[in-house]
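**Student:** compute the structure for the input listed below.
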Amino acid sequence: MGNSFHVQVLSFSNILEIEGARTAEQYTTLLDALEYGDQSGLSDDEKREMCLMSLQDHKPADAAYHVLKHDMSDILRDGQMRNAATEMLDEKLWEEYADSSLHERMFNAGSLLYAAFPGSFPKPDAVRVVLSVTANDARSKALLTPALNESFLARLLADGMDDRAALHRLYHDELVGTSFPNASEVVWIVNTHPLSDDAMQIEVISSGYWLDALMDTESYDSSAYADTAPPARG
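**Tutor:** Here you go, the predicted model:
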């Protein structure tokens, strides 16, 4: 017997930035990279505003390079960052960048750049969807934990989408199989709140590329499951 859930879509909204995506310390280091100067006396909010003003002292593509160098020099080569900085002027790299594991980080970079140059960069359009999920039996209830399994959550979301949705088209085999290693790239941010003994409110933030297919969905039933753990080695 499979799992059984009833899901209600409580809200669906587009967001320009992910709250808390950048810490005060990250604004401090970015200001240092932009050679802002003395930051003593600046509040956290003022550091963000000074970052925006300092970025505006540069051409948009150069500003994008500075942000990418601050955000992604641990994983991208200099040439890759320079290419991406130019591409960001026209493309939503949080949807289109070849390495989808970087989409959330590309969104955070694009969000800051759009705030500084709203006429030069694509408008950020991540999605926040809030679900109420009720388990219909004890086996299903066991999956509704505060630290949700990402493969389970990706399948739960997919069950509310048309078969033509990007999630189904690109990850059909993973959705119906036993292993979904890219699930964490589909769900960027997850917050949970228990509603009752067998129900949980789940907030998911991700790209509209993945979640737009839920825009007009009000409720649905799901048989979502988590990946099958590989057998233990003897």
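
**Student:** buried residues in stretch 45-64?
**Tutor:** Within stretch 45-64, the residues that count as buried by 16 or more other C-beta atoms under 10 Å are 47, 48, 50, 51, 54, 55, 60, 61, 63, 64. (C-beta placed from N, C-alpha, C; glycine too.)

**Student:** quick one: list the elements packing against the helix or strand harbouring the last one.
**Tutor:** Element membership for residue 64 (DSSP states H and E) is helix 60-72. Contacts of helix 60-72 with other secondary structure elements, assessed using 3 or more C-beta pairs under 8 Å, 6 or more residues apart in numbering; DSSP states H and E, are made with helix 24-33, helix 44-55, helix 78-87, helix 103-116.

**Student:** what segments of this structure are helices?
**Tutor:** Assigned by DSSP state H, the helices in the chain fall at 24-33, 44-55, 60-72, 78-87, 93-96, 103-116, 138-141, 150-158, 166-176, 183-186, 208-211.

**Student:** for residue 227, which of those helices is the nearest?
**Tutor:** Closest of these to residue 227 is helix 150-158, at 4.2 Å (criterion: C-beta to C-beta).

**Student:** angle of the closest one against helix 166-176?
**Tutor:** 130 degrees (axes from the mean of the first three to the mean of the last three C-alpha atoms, to 10 degrees).

**Student:** which strands and helices lie in contact with helix 150-158?
**Tutor:** Against helix 150-158 (3+ C-beta pairs under 8 Å, 6+ apart) you get strand 126-135, helix 166-176, helix 183-186, strand 199-207.

**Student:** and the contacts of the longest one?
**Tutor:** Meaning helix 166-176. Here helix 166-176 makes contact (C-beta atoms under 8 Å, 6 or more residues apart in numbering) with 154-155, 157-158, 161-162, 180-183, 186, 209-210, 213.

**Student:** now do the third one
**Tutor:** Where contact means C-beta under 8 Å, 6+ apart, the residues beyond helix 183-186 that reach it are 100-101, 103, 150-151, 153-154, 157, 167, 171, 174, 206, 210, 227.

**Student:** could you do the last one as well?
**Tutor:** Counting by C-beta under 8 Å, 6+ apart, the neighbours of strand 199-207 from elsewhere in the structure are 10, 15, 18, 94-95, 103-104, 107, 126-135, 144, 148, 153, 157, 186-195, 211.

**Student:** whichever of those residues end up buried, select them in ChimeraX.
**Tutor:** Remark: buried members of these, expressed as a ChimeraX selection using 16+ other C-beta under 10 Å:
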select :18,94,95,103,104,107,126,127,128,129,130,131,132,133,134,135,144,148,153,157,186,187,188,190,192,211
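
**Student:** any low-confidence regions in the chain?
**Tutor:** Within the chain, the stretches with pLDDT under 70 are 1, 229-234.
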